[in-house]
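1. Pasting the sequence and the predicted model now:
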Amino acid sequence: MTVKNIFTSIIAVSVLSIFCSFSAKATDCSISINTKASVKCLQRKVSSLEARLEKTKKDQLVLPKGAVIDFNAKTCPVGWGKFKKDKSGIISINTNDEIIKCEKL
């Protein structure tokens, strides 16, 4: 290859990379031309996260107060208390020490 061909190839690659870089988007909002663009990027991200949070809230199973569930844990999670035997006296036999019966508060 001649020097002219090498130089032409370098210029062509440089021009091509410049044109392709305008369509690039940073997912972390770190590549921005100015502060205004950074703020808009962050606002889009916040809106997206808020939408995902709302969808997650809608998809959650809502259990009524007093529901009794076995958890594979040593303690009950927040919002739950250790289940105490009810008036009927019915208790399930638990052979696994890692499972705890909890009642929703």
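-> Structure received.
2. Dump the helix or strand harbouring residue 101 to CSV, restricted to CA.
-> Using DSSP states H and E, residue 101 sits within strand 99-104. What follows is strand 99-104, C-alpha atoms only, in CSV (Å, rounded to 0.1, in the frame of the first residue of the first chain):
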residue,chain,number,x,y,z
ILE,A,99,-39.3,-22.9,58.0
ILE,A,100,-41.3,-20.6,60.2
LYS,A,101,-45.1,-20.0,60.1
CYS,A,102,-45.9,-16.3,60.0
GLU,A,103,-49.1,-14.3,60.1
LYS,A,104,-49.6,-11.0,58.2
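3. partners of that strand in the sheet?
-> Strand 99-104 pairs in its sheet with strand 68-72 (antiparallel), strand 80-82 (antiparallel), by DSSP bridges.
4. I'd like the average pLDDT over the shortest one.
-> Taken as a whole, strand 80-82 carries a mean pLDDT of 89.
5. hmm, who's touching it?
-> 69, 71, 76, 100-105 (C-beta atoms under 8 Å, 6 or more residues apart in numbering). For every residue, glycine as well, the C-beta is placed using N, CA and C.
6. Tell me where this structure has helices.
-> All helices of the chain, identified by DSSP state H, fall at 3-21, 35-59.
7. Any stretches of this structure with poor pLDDT?
-> Low-confidence segments of the chain, defined by pLDDT under 70: 1, 3-7, 9-10, 12-28, 30-33, 86-97.
8. Okay, domains of it per the record?
-> Following automatic domain parsing, the chain resolves into domains at 17-59, 68-104.
9. Can you lay out the contacts of strand 80-82 as CSV showing neighbour count and distance to residue 59?
-> Formatted as CSV, the contacts of strand 80-82 follow (neighbours: other C-beta atoms under 10 Å; distance: C-beta to C-beta, whole Å):
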residue, neighbour count, distance to residue 59
69, 14, 18
71, 14, 20
76, 18, 23
100, 19, 26
101, 17, 26
102, 19, 22
103, 16, 24
104, 16, 18
105, 10, 22
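10. and which of the residues you listed is nearest residue 53?
-> Residue 53 has its nearest neighbour among the contacts of strand 80-82 in residue 104, at 22.3 Å by C-beta to C-beta.
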